[in-house]
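Novice: Take a look and give me a structure for this.
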Amino acid sequence: MANQDRRSNTSSKPKRGKFQRDQRRPSSKGKFSRDQRSPDKPVLKRRYDPQPSPPEPTESESTLSEDVDLLYGRHPVLAALENQRQLNRVWILPQLRYDHRFHSLLLQAKANGTVIDEVDSRRLSQVTQGANHQGVAAQVAPYSYKELGDLIKAAKSTSQYPVIVVCDGITDPHNLGAIIRTAEALGAQGLVIPQRRAVGVTSTVMKVAAGALETLPIARVVNLSRALEELKTAGFWIYGTCADAGKLLHTVDLNGSIVLVIGSEGSGLSLLTQRCCDVLVSIPLYGKTPSLNASVAAAMTLYETYRQRWVNPLYLDDLSKNSWKKET
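Specialist: You can find the predicted model right below:
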């Protein structure tokens, strides 16, 4: 239709079957009236200036847009290589490829089918979309979550009194990654997250967790309340962290098989989750700040849990030594 207009402007004589500029209805600026439109021609509602189409993403860019399968940073990639996790591709700086920490692991990964690409820092920044890649990135398969039953079984086989962390609606990947890292570092046996209204294991979570995901199993459940009931049936006591209610953390006995439930960043534990808890605990705060960051609260609760477990063996050891001294 635009071509027809241009042709009508250049010709001095009207042509049969084609519209002239003065034949258009003045009330519909820029549009043809319904009765003037030719039934056998396409209808144009609005004229658009031709805009250049956006460039098609390259194969690597389209693949990396799924951030769930991108891993970057030296510790996360090293942990994935050491645990022989299946990597599809590795981008690495040339000077880092022959580093003694990476060289043999990369050779092994290459033998298992991983593509190793030596790239410059600019390409790595493009791949990671400007993230702090530390010279290496890898494309991995999406994280494989455990079934809750399998996680409980593995936790009981690992420790006589296991500790499992449950996150109730954590939405910040940095917080979830920090909780995973702390839980693994202090000795927890697993972590449970809900499937909806919460962040999953993304590339950011992997980066912040710094390799802890390779050894700490994570279960993703559809119904968190039902999962807590299943944990109770398995013999766990449920302790929920709450900012303004419950017993003070350091006054609660946290020995035995326990579950620590951490609330979300904005609203904390939901009422439904609180009803599923056996005990609500709070961290005593004496400043003007009313609450703590979720990952910080998780770290303090985990530390108090293991502090009590570390103290008891030392206390028993001291008792045995003292009794031995008295006997001698």
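
Novice: Beyond the helix or strand bottoming out on mean pLDDT in the chain, next helix or strand please.
Specialist: The weakest-scoring helix or strand in the chain, judged by mean pLDDT, DSSP states H and E, is helix 59-64 (a mean of 38). With elements assigned by DSSP states H and E, the helix or strand that comes after helix 59-64 is strand 70-72.

Novice: can you give me the offset of that next one from its chain's centre?
Specialist: Counting by C-alpha atoms, centre = their mean, to the nearest Å, strand 70-72 is centred 12 Å from the centre of its parent chain.

Novice: and it, average pLDDT?
Specialist: Average pLDDT, strand 70-72: 86.

Novice: outside of that strand, which residues touch it?
Specialist: 64, 77, 80, 87, 124, 127-128, 131-134, 136-140, 203, 206-207 (C-beta atoms under 8 Å, 6 or more residues apart in numbering). Glycine gets a C-beta too; all of them are placed from N, C-alpha and C.

Novice: Parallel or antiparallel, list what pairs with it.
Specialist: The strands beside strand 70-72 in its sheet (DSSP bridges) come out as strand 136-140 (antiparallel).

Novice: ok so, going back, PyMOL command to pick out the buried ones of the contacts of strand 70-72?
Specialist: The following PyMOL line selects those of the contacts of strand 70-72 that are buried, judged by 16 or more other C-beta atoms under 10 Å:
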select buried, resi 64+77+80+87+124+127+128+131+133+134+136+137+138+139+140+203+206+207
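
Novice: which residues sit in contact with residue 217?
Specialist: Applying C-beta under 8 Å, 6+ apart, the residues contacting residue 217 are 146, 150-151, 154, 189-191.

Novice: What of residue 83?
Specialist: 214-215.

Novice: do that again at 7 Å, thanks
Specialist: residue 214 (C-beta atoms under 7 Å, 6 or more residues apart in numbering).

Novice: Output stretch 217-229 as CSV - backbone C-alpha positions only.
Specialist: C-alpha atoms of stretch 217-229 as CSV (Å, rounded to 0.1, in the frame of the first residue of the first chain):
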residue,chain,number,x,y,z
PRO,A,217,22.4,-32.3,48.5
ILE,A,218,19.4,-30.1,47.9
ALA,A,219,15.7,-31.3,47.6
ARG,A,220,13.0,-29.2,46.0
VAL,A,221,9.5,-29.9,47.3
VAL,A,222,6.1,-28.9,46.0
ASN,A,223,4.5,-28.6,49.5
LEU,A,224,6.8,-27.3,52.2
SER,A,225,4.4,-28.1,55.1
ARG,A,226,4.0,-31.7,53.9
ALA,A,227,7.8,-31.9,53.7
LEU,A,228,8.1,-30.8,57.3
GLU,A,229,5.6,-33.4,58.4
